[in-house]
Each structure stands twice: as structure tokens, then as C-alpha cells.
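K.L.:
My questions concern the predicted model and sequence given below.
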Amino acid sequence: MSEIISLRAIEILDSRGNPTIEVDCELESGVVGIMAVPSGASKGIHEAIEIRDEEKRYGGKGVNKAIQNVVGQIAEKVVGMDAINQAEIDNALIELDGTPNKSKLGANACVGVSLACADAQAIELEIPLYKWLGGVDACILPVPMLNIINGGMHADNNLDIQEFMLVPAGGKNFKESIRMGAEIFHTLKKILKAEGLSTGVGDEGGFAPNLQTNRNACELIVRAIEGAGYKPGKDAFIALDCAASSFYQDGKYIIEQKSLSSYELINLYEDWVNNFPIISIEDGLEEDDWDGWSELTKRLGGKILLVGDDLYVTNVERLEKGIELKASNAILIKPNQIGTLTETLKCIESAKRAGFKCIISHRSGETESTFISHLAVGSGTGLIKSGAPSRGERVVKYNELIRIEEELGEEAQYLGVDAFKL
Ligand code: PGA
Ligand code: ZN
């Protein structure tokens, strides 16, 4: 038995310099599992709730209340349980919280405990975390989706679209794709410099220049792919996260100084898809525009991935509605949007059963945690997004994947562009 003997929690900083919670889970054997929890900026309104102190310190963002919940009520319930029974631990958290959105204990407290227990159990079993999460045959490395131009709520520039991602899917393995991604990233930097544009980076490590239009960002990425010696649409692609809720106002999408209906915005996306090597669009419409999403999927679902992030918030009930309405063909997976590992894995399972693709994702406020790297290999979804190949908290996830690929050796599999095939 891997009895949990204590839960500890401390307040640390995330990559934006905001406080966040780190949880330690200690087992009877002396093994300690750790989870440092990330935090979003462009959160979905249906996400589970992070508890913040709302006191003067840290501008109201302190996490002492969440810490008290971990070392108080949660520890009372979870200490003495067996870390091998992840579902039992997570059900205890769900029951103790008792709300539909973890607003009593805090999703930050819950996910910290849930993932720290999983980490401890993997160490106890002396197996890598991805094998504990995915079984002995977990061996698929994900294609990286690198957010190389940042806009929206992640940067102080004029771009409406939050993320312009580079997808170097043409590498023969993960390591090669990352190398291609880094080469293209550096080529993009040279192009920006030559044009007198800013090379400062945004929250997710991508450049954050002011550009005339969103199309300009796609043009620059195509030039960078070519400039690095690769073929757009064969070696490397573009993926967008529009985060459309952030430019949705009173029933209209305010983009490029125009006020568009869902239908008109879909026309704009169709035009972009016809002119650029776009392979995926995330949150193209806002989080409750279900009719718009169904129309978008009807129009573009045969060609590219349409990914629900704020739309689904890693919540099985919302995902099931989306499956029923054919609202998309893919889902973004963020454990802290829902609050426990078991609910996260169930969401991935439901998505896979419906033939949806899953992209494992970081948050814009990150920590040094490599949990999502292990979740990506463990769940075998074949896709991950963790920002640009820049900034330590982004790169740490990719580096862990390079290590996992090395460790798996011959066993490692890489799907490349097929990871996007429905
Ligand atoms: P967030 O953004 O972490 O700020 O919510 C990431 C995303 O929208 O995918
Ligand atoms: Zn998103």
C-alpha cells in the first residue's frame, strides 16, 4: 500500500510573477510527489474556479486560502488513502467540494493535490509518470504546436488573434520537429528585426509585434518557414487560437475594426484557410455560440481541426453537448480547467471515443512543472501546445519530451502530420 501520510502546500510564483500553489504529497515510504499549478489569463467562463485571497498582498492574488484548504479539509480526508487509487482520491475531492465548479475548495487546490498524488505514486512504483498515467505501452510523442506570435490577452500589441502557432509536424520524430521549430523561430526573429518590428516576447514566449492585420502574422510565419529552408504545408503548418470570447461583444465579433456575425467570421476564417497552410483553429467562436460552432464545423471540419478550449473547459458534460451538436472535431485539454486527473482522463477518453482529437495544453501562466509532457505521452493524444521554443517554463515541457523520446528509444512513435488526421 502507498499510504498518503501528509499533504503540504506553499505559495510560489508562476511565470508572470503571480502567486500560485505548489503541493507536496508524501507517502509512507518517504516518497514525495510534487505539483506546481499553472494559471490562465484568457480563462473560459465555464472553467472550474481558482481560489484567490482577495486581500492586499499580491494585489489580491495570494493563494493562502487554497493552501489552507489543502492542509486542512483536504488533508483530513486524503491522508490515510492509498495513492494507487487515483479515482478514489479524486472522487473524495469532488465530494468534499460538492460544487459543480470546485468553487468551495478551489480548482487550484484540487488539481495540485490530485496531480501531486499521481506524481508520488509513479515515484513509488519506480516508473516514469507517463507510464503510470498511460500504461506500459505509452509510447506516442506529441507533435508540438509552438505559439510563435502572441496577441490578444497574452501581449500588449494590436493583434486580435491570441496565438499564431507554428506546427513543424514534418520532423521524423519529436526532437527533429522541435529543431525545425526553433530554426523557424530564429528565422522569424531575423525577419522581424529586418523590418524594424519588435522582437520582445509575450506571455507564452512568442514574439509580440504590432502588425497591420492578422493575415500579416500568417504571412510572416510562411516567410519564416521558407527562410529556414522548409516547405509550408508539407514540413510545417500554422495553427491559430483565436480565443474569440475575448473579442466578442453584444452578439458580435469585433475583429480588425469590423463587427462581424458568426457567419461572417466563419467566411473570414475560410478565406484564411484557403490562403495559408492552416491545420487547426482553436476557439474560432465564443464559448456559448453553439450554432456558430456547428456551422464552422460543417464548413471547415473536413479540412482542419476545430478545437474547443473555452468552449469545453475539459468538462465532459460540455464535451458531450459538443459531440451531439457536431460543434467541433477536437478539444483542448487543461487539467486545471476541471480540477482532477480522473476527470481530465475521462474527458480525453470520451473525446477519443467520439473520434475527436485532443491537444494537451499548458496555461499562459506556467511553472517549471513537466506534468503535461507526461500527460501527453501517457494519453497518447499525439498533440501538445506549450508555447514558443523560448522562456524556461515553456521549454521545460519540450525538453522533458526530448528526454522521454530518448528514454523510449526504438519504442518511441511519432505520428507527424497524421496526428491531425480525423
Ligand atoms: P490561458 O490561454 O492559459 O491564458 O487561458 C491559453 C489558451 O487560451 O489556450
Ligand atoms: Zn485557447
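P.N.:
Sure thing, it's come through. None of these values were measured; they are calculated from a predicted model. Ligands and ions are numbered 1, 2, ... in the order given.

K.L.:
Could you verify that residue 116 is part of a strand?
P.N.:
No. With DSSP: H, G, I helix; E, B strand; the rest coil as the criterion, residue 116 is located in helix rather than a strand.

K.L.:
Now do the contacts for the residue of the stretch 1-150 of the chain found nearest ligand 2.
P.N.:
Of all residues in the stretch 1-150 of the chain, the one sitting closest to ligand 2 is residue 42 (6.6 Å; C-beta to the ion). (Glycine included, C-beta is placed from N, CA and C.) Residue 42 makes contacts with 152, 153, 154, 162, 243, 245, 246, 310, 364, as judged by C-beta atoms under 8 Å, 6 or more residues apart in numbering.

K.L.:
Which ones among these lie within strands?
P.N.:
When the contacts of residue 42 are checked against strands (DSSP state E), there are no matches.

K.L.:
out of those residues, which is most surrounded?
P.N.:
Ranked by neighbour count under the definition other C-beta atoms under 10 Å, the contacts of residue 42 are headed by residue 162 with 29 neighbours.

K.L.:
So residue 300 versus residue 29, what's the distance?
P.N.:
52 Å (C-beta to C-beta, to the nearest Å).

K.L.:
try residue 358
P.N.:
For residue 358, the distance to residue 29 (C-beta to C-beta) stands at 33 Å.

K.L.:
Spell out which residues of the chain are next to ligand 2.
P.N.:
241, 283, 309 (C-beta under 5 Å from the ion).

K.L.:
Please tabulate those residues in JSON lines, including the columns pLDDT and neighbour count.
P.N.:
Listed next are the residues of the chain next to ligand 2 as JSON lines, based on pLDDT from 0 to 100; neighbours: other C-beta atoms under 10 Å:
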{"residue": "241", "pLDDT": "98", "neighbour count": "29"}
{"residue": "283", "pLDDT": "98", "neighbour count": "28"}
{"residue": "309", "pLDDT": "98", "neighbour count": "30"}
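
K.L.:
Which of the residues you listed sits closest to ligand 2?
P.N.:
The closest of the residues of the chain next to ligand 2 to ligand 2 turns out to be residue 309 (C-beta to the ion; 3.5 Å).

K.L.:
Could you find the closest non-adjacent residue to the closest one?
P.N.:
With C-beta to C-beta, 6 or more residues apart in numbering as the measure, residue 332 is the residue that lies nearest to residue 309, at 3.8 Å, once sequence neighbours are left out.

K.L.:
cool, residue 252 as well?
P.N.:
The spatially closest residue to residue 252, leaving aside those adjacent along the chain, is residue 259, at 4.4 Å (C-beta to C-beta, 6+ apart).

K.L.:
can you confirm the one you found is in a strand?
P.N.:
Yes. For residue 259, which was evaluated using three-state DSSP, the result is membership in a strand.

K.L.:
OK, contacts around residue 219?
P.N.:
With contacts defined as C-beta under 8 Å, 6+ apart, residue 219 is in contact with residue 276.

K.L.:
What of residue 305?
P.N.:
Going by C-beta under 8 Å, 6+ apart, residue 305 touches 239, 279, 280, 281, 329, 330, 357, 420, 422.

K.L.:
Residue 231 against residue 225, yeah?
P.N.:
Yes. Counting by C-beta atoms under 8 Å, residue 225 is a contact partner of residue 231 at 7.4 Å.

K.L.:
Contact partners for residue 311?
P.N.:
If a contact means C-beta under 8 Å, 6+ apart, then residue 311 has 44, 283, 285, 287, 293, 318, 322, 327, 328 as its contacts.

K.L.:
restrict the contacts of residue 42 to those near ligand 1?
P.N.:
The subset of the contacts of residue 42 within reach of ligand 1, by C-beta under 6 Å from any ligand atom, is 243, 364.

K.L.:
could the contacts of residue 42 go into CSV alongside pLDDT?
P.N.:
Supplementary listing: these in CSV, determined by pLDDT from 0 to 100:
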residue, pLDDT
152, 93
153, 90
154, 91
162, 96
243, 98
245, 97
246, 96
310, 98
364, 97
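
K.L.:
ok, so of the contacts of residue 42, who is nearest ligand 2?
P.N.:
residue 243 (5.2 Å).

K.L.:
I would like the residues contacting the helix ranked longest in the chain, please.
P.N.:
With secondary structure taken from DSSP state H, the chain has its longest helix at helix 174-194. Surrounding helix 174-194, the residues in contact under the criterion C-beta under 8 Å, 6+ apart are 141-144, 146, 148-149, 166, 168-171, 198-199, 207, 209, 220-221, 223-225, 227-230, 235-236, 388-390, 398, 401-402, 405-406, 412, 414, 416.

K.L.:
try it again with 6 Å
P.N.:
For helix 174-194, the surrounding residues in contact (C-beta atoms under 6 Å, 6 or more residues apart in numbering) are 141, 144, 146, 148, 166, 168, 171, 199, 207, 209, 223-225, 227-228, 389, 398, 401-402, 405, 414.

K.L.:
Could you do stretch 267-286 as well?
P.N.:
Around stretch 267-286, the neighbours that count as contacts under C-beta under 6 Å, 6+ apart are 167, 218, 232-233, 237-245, 248, 262, 292-293, 296, 304-307, 309-310, 420.

K.L.:
Which ones among the residues you listed lie within helices?
P.N.:
Of the contacts of stretch 267-286, the ones assigned to helices by DSSP H are 218, 262, 292, 293, 296.
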